[in-house]
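*Asks:* Could you work out the structure for the sequence below:
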Amino acid sequence: MKQTAVAQHALSNPISRLALEDRLKVSLQMVPENTTSLLDMGCGEGHFLAMVEKRFPAAKLVGVDQSDENIRYAKRILKRARLIRGDATKTELRSSSFEVVSALELLDHVESDTALLSEARRLLKPKGTLLISIPDSSMLLWNIAWSVWTRTLGRKWEGKHLRGYDDRTVTELLNKNGFSIKRKARALFGCLIVPACEKD
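*Replies:* Reported below is the predicted structural model:
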């Protein structure tokens with residue numbers, strides 16, 4: 001399965017650090033308070049899992065990412081989470097084993113967004129929560145910021161988004177794949193859509 005994930009180096013400059021902190025803070029607020037198990041698809045360097053470790057000290061946590069470099073970094077900052085190097089669209093994890101599955105800024109980096117959502121649905125327990133974040137490609141501010149970013153400090157990300165979404169298309173995609181949006185937030189000055197969805 002073609003994916004465009006690369007080593008993040010998310011803390012390598014002040015801009016990416018601030019963007020990371022903002023979007024992950026919003027995402028963490030969307031995780032249900034009684035969560036005891038969470039899988040982070042495309043976990044990157046483990047920054048979201050590190051926040052979840054602190055907030056939910058007894059939860060079972062798993063992260064999956066294709067980048068060896070990301071996994072090595074994540075192992076250094078995480079205390080409890082199990083980390084797996086692999087394709088998030090076809091894990092070997094047991095079905096119905098997580099209360100929450102997160103896929104933060106991942107849908108637009110995988111060849112098949114429906115394959116990713118199908119795997120998330122398989123792994124979630126009944127009425128489980130899928131948490132995603134995705135750039136709103138209909139926003140002028142996002143398009144300008146991304147264009148500037150990929151021509152300056154974020155050159156390695158140029159061409160890494162395989163498709164764009166807006167509020168309507170991401171809602172339709174989630175509904176079509178067996179999820180109902182229960183809560184929705186925004187991050188990065190409204191440029192990122194952050195829905196929390198229930199498995200139908």
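*Asks:* so what's the backbone phi/psi at residue 185?
*Replies:* phi -130, psi 180 (degrees, to the nearest 10).
*Asks:* Which residue, other than its chain neighbours, is closest to it?
*Replies:* residue 194 (4.4 Å; C-beta to C-beta, 6 or more residues apart in numbering). For glycine as for every other residue, the C-beta is placed from the backbone atoms N, C-alpha and C.
*Asks:* What of residue 30?
*Replies:* residue 196 is the one closest to residue 30 (C-beta to C-beta, 6+ apart), at 4.3 Å.
*Asks:* go on, residue 167?
*Replies:* residue 193 is the one closest to residue 167 (C-beta to C-beta, 6+ apart), at 6.1 Å.
*Asks:* Return the list of helices and strands in contact with the strand or helix carrying that neighbour.
*Replies:* Per DSSP states H and E: residue 193 is located in strand 192-199. Strand 192-199 sits against helix 14-29, strand 124-135, helix 167-176, strand 179-187, with contacts defined as 3 or more C-beta pairs under 8 Å, 6 or more residues apart in numbering; DSSP states H and E.
*Asks:* Alpha carbons of that strand, in PDB - could you do that?
*Replies:* As requested, the backbone C-alpha atoms of strand 192-199 are provided in PDB (Å, rounded to 0.1, in the frame of the first residue of the first chain):
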ATOM      1  CA  LEU A 192      -7.800  21.500  10.800                       C
ATOM      2  CA  ILE A 193     -11.000  19.600  11.200                       C
ATOM      3  CA  VAL A 194     -11.000  17.400  14.300                       C
ATOM      4  CA  PRO A 195     -14.100  15.100  14.500                       C
ATOM      5  CA  ALA A 196     -14.700  12.400  17.100                       C
ATOM      6  CA  CYS A 197     -16.800   9.700  15.600                       C
ATOM      7  CA  GLU A 198     -18.700   6.700  16.900                       C
ATOM      8  CA  LYS A 199     -18.600   3.300  15.200                       C
END
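*Asks:* now it: mean pLDDT?
*Replies:* Across strand 192-199, the average pLDDT comes to 97.
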